[in-house]
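A.B. asks: Build the 3D model from these lines:
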Amino acid sequence: MKFKYCPICGNKLSLKELGDEGKIPYCNSCEQPYFDSFNTCVIVTMINGDKIALVKQDRISKRHWILIAGYMVEGETAEQTVLREVEEETGISVNECKYISSYFHERGDNLMLGFIAFVSDDEFSISSEIDEIKWFDIKDTEKYLKDGSIAYQHFCKVRNHLVL
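C.D. replies: Alright, predicted model coming up:
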C-alpha cells in the first residue's frame, strides 16, 4: 500500500528526508512518517519423494503450471501459512517445511517467502481455488514453469538444496 494521504487527519502527504531511510511520505500536520507496505505471501514447492506438485489456476495462467502460494493472515507465522495453504489447496498435510529464499513480486506488490514442504501423502483433495493439480518428476518440472517467473526461480533454488 502506498501512502498518499494521512490516515489520521486526511491531509496530503509530502516526501520528507528521514536519515538513512531516504524520502518517506510524511504528514506535516501530525508530524508522522508513513512507510509504504506490501502484502506477504508464501510460495511453496511441495515434494513427495522425487515428485513435485504443480497447480494450474486459470485466473493466473491457462498455459503455465505454478507452485502453491497464498497470503499470510494476521497472527500467522510464515510456517503456519505454508501448512494452512498446502492443506487448503491440496488436502495434504505437511510433514516438514523449510525456508529457502524470499522474492519480491512487483506486479502484485507482494513479498513472497519461498519454502519447501515435504509430504508423504499423494492423494489430492483440491480446493475450488485450483483448476488442476498434478505430480511431476523433479527432473522434468522446470519445463512446465514459465521461464523467469518467481515459481521458476524458486524451483531452481529448491533444486539446488535437494540431493538428486
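A.B. asks: Would you mind confirming that residue 53 makes contact with residue 68?
C.D. replies: Yes. Counting by Cβ atoms under 8 Å, residue 53 sits close enough to residue 68 to count as a contact (6.9 Å). (Each C-beta comes from the backbone N, C-alpha and C, glycine too.)
A.B. asks: between these two, what contacts are shared?
C.D. replies: 46, 90 (Cβ atoms under 8 Å, 6 or more residues apart in numbering).
A.B. asks: per-domain residue ranges of the protein.
C.D. replies: 1-37, 39-161 (automatic domain parsing).
A.B. asks: now the end-to-end length of the longest one.
C.D. replies: End-to-end span of domain 39-161 (Cα to Cα, to the nearest Å): 27 Å.
A.B. asks: now it, how far from the chain's geometric center?
C.D. replies: 8 Å (Cα atoms, centre = their mean, to the nearest Å).
A.B. asks: Quick one: list the elements packing against the helix or strand hosting residue 113.
C.D. replies: Secondary structure from DSSP states H and E places residue 113 in strand 110-118. Packing partners of strand 110-118 (3 or more Cβ pairs under 8 Å, 6 or more residues apart in numbering; DSSP states H and E): strand 39-48, strand 68-71, helix 78-90, strand 96-105, helix 150-161.
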